[in-house]
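*Asks:* Sharing a model that was predicted from the sequence below.
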Amino acid sequence: MHSLQGRLWFSVSYTASEEKLTVTIIKAKKLPQRSRDEPDSCDPVIRVHLLPDQRRYLQSHQKKNTCNPRFDEEFSFMIPQRRLSEHSIRISVYDSRRNRKHVPLGMVTHSLRAGVHLTNAVRDISRVDDELDSGCSAGSASTSCVRAAAAAAAAPAAGTAGGLLVGLTYNAGLRRLTVAILEAVQLESVSGSGGGAEHPSTYAKVTMYHHTRGIQSRRTETVRNSSCPKYAESFTLQLPADALSAIHLRIKVKQRRPPARRVGL
């Protein structure tokens, strides 16, 4: 089942005489807020990719404190008409937080084989893990899947410290591994300052190892006071295809309290 993160209105047009593809982002509605206690706690920004090139993108202006932003912005790509069918559009929605941190909320994809003239198209915004899963099953030419949506996190085994939902994809052409840290469930409570139990404030840290040597490391923002934190962040790691067999990942969930204490592995 796909988890929806709101809806997106956009248009697509193509001017053959100029070989110009134009994507117009109109508005979004019902984007997720950061917490129930903070209505409209979202600073959305849009990125538009012309796939299969995932490195370059065009970005909208940031909207402040709204889950129903209106953009009305145009983005143009130069592309010959004969090559249109080779491409698709990916529209990614982010919540732009402090320190220029962009937390992915979800995305919409549109194949140009389905048409280059759309007016006020309305699409559901799917979570990142849904897109990873559907992209792998479809056998996308631009993405070679190592694993996707390593689930079963919703029901961690008895006696464990909780569960973690992640997604992995590998793009052989770009030599790029994408690790999506989605959410954790049923993390153990910790002792509060008053002696009682309280929900932990945690972050997830992913480290790539070549044999036994750690070579790259990334971490999420801290999610405070939650036993089921939603991290919803993805990280890109450069990795040659011939090194895959010698690589492994270690993902730790750690409590954000000096000194940091490991909650699970």
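*Replies:* Nice, I can see it. Predicted, not measured: the structure shown is a model, and the values here were computed from it. Numbers count the residues shown, from 1 in each chain.

*Asks:* Next, find the distance separating the nearest residue to Arg90 once chain neighbours are set aside from Pro80.
*Replies:* Sequence neighbours aside, His49 is the residue nearest to Arg90 in space, at 4.4 Å (criterion: CB to CB, 6 or more residues apart in numbering). In short, each C-beta sits where N, CA and C put it, glycine included. Separation of His49 from Pro80 (CB to CB, to the nearest Å) stands at 18 Å.

*Asks:* ok, those two, which is more surrounded?
*Replies:* Neighbours were counted for His49 and for Pro80 using other CB atoms under 10 Å; His49 has more, 21 against 9.

*Asks:* My read is that that one contacts Tyr57, right?
*Replies:* Yes. Taking contacts as CB atoms under 8 Å, His49 lies within contact range of Tyr57: 4.7 Å.

*Asks:* Overlap in contacts, these two.
*Replies:* When contacts are counted by CB atoms under 8 Å, 6 or more residues apart in numbering, His49 and Tyr57 have Ser92 as shared neighbours.

*Asks:* Can you say which helix or strand has the residue nearest to Arg90 in it?
*Replies:* strand 44-51 (DSSP states H and E).

*Asks:* Pairing partners for the helix or strand following that strand, with directions?
*Replies:* Downstream of strand 44-51, the first helix or strand assigned by DSSP H and E is strand 58-59. Applying DSSP bridges to the sheet, strand 58-59 is found paired with strand 44-51 (antiparallel).

*Asks:* could I have the strand it pairs with exported to CSV, CA atoms only?
*Replies:* Only the C-alpha atoms of strand 44-51 are listed here, as CSV (Å, rounded to 0.1, in the frame of the first residue of the first chain):
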residue,chain,number,x,y,z
PRO,A,44,8.3,23.2,1.3
VAL,A,45,10.6,23.4,-1.7
ILE,A,46,10.4,21.6,-5.1
ARG,A,47,13.1,20.0,-7.2
VAL,A,48,12.5,19.0,-10.8
HIS,A,49,14.8,16.4,-12.4
LEU,A,50,14.8,15.3,-16.1
LEU,A,51,15.6,11.6,-15.7
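
*Asks:* and that strand, how far out from the chain's middle?
*Replies:* Offset of strand 44-51 from its chain centre (CA atoms, centre = their mean, to the nearest Å): 12 Å.

*Asks:* Can you give the contact residues for it?
*Replies:* Outside strand 44-51, the residues that reach it (CB under 8 Å, 6+ apart) are 21, 23, 25, 28, 31, 56-63, 66-67, 69, 71, 73, 75, 77, 79, 87-96, 102, 105, 109, 142.

*Asks:* What residues of the longest strand belonging to the chain count as buried?
*Replies:* Ordering each strand of the chain by length in residues (DSSP state E) puts strand 4-15 first. Of the residues in strand 4-15, 5-10, 12, 14 count as buried by neighbour count, 16 or more other CB atoms under 10 Å.
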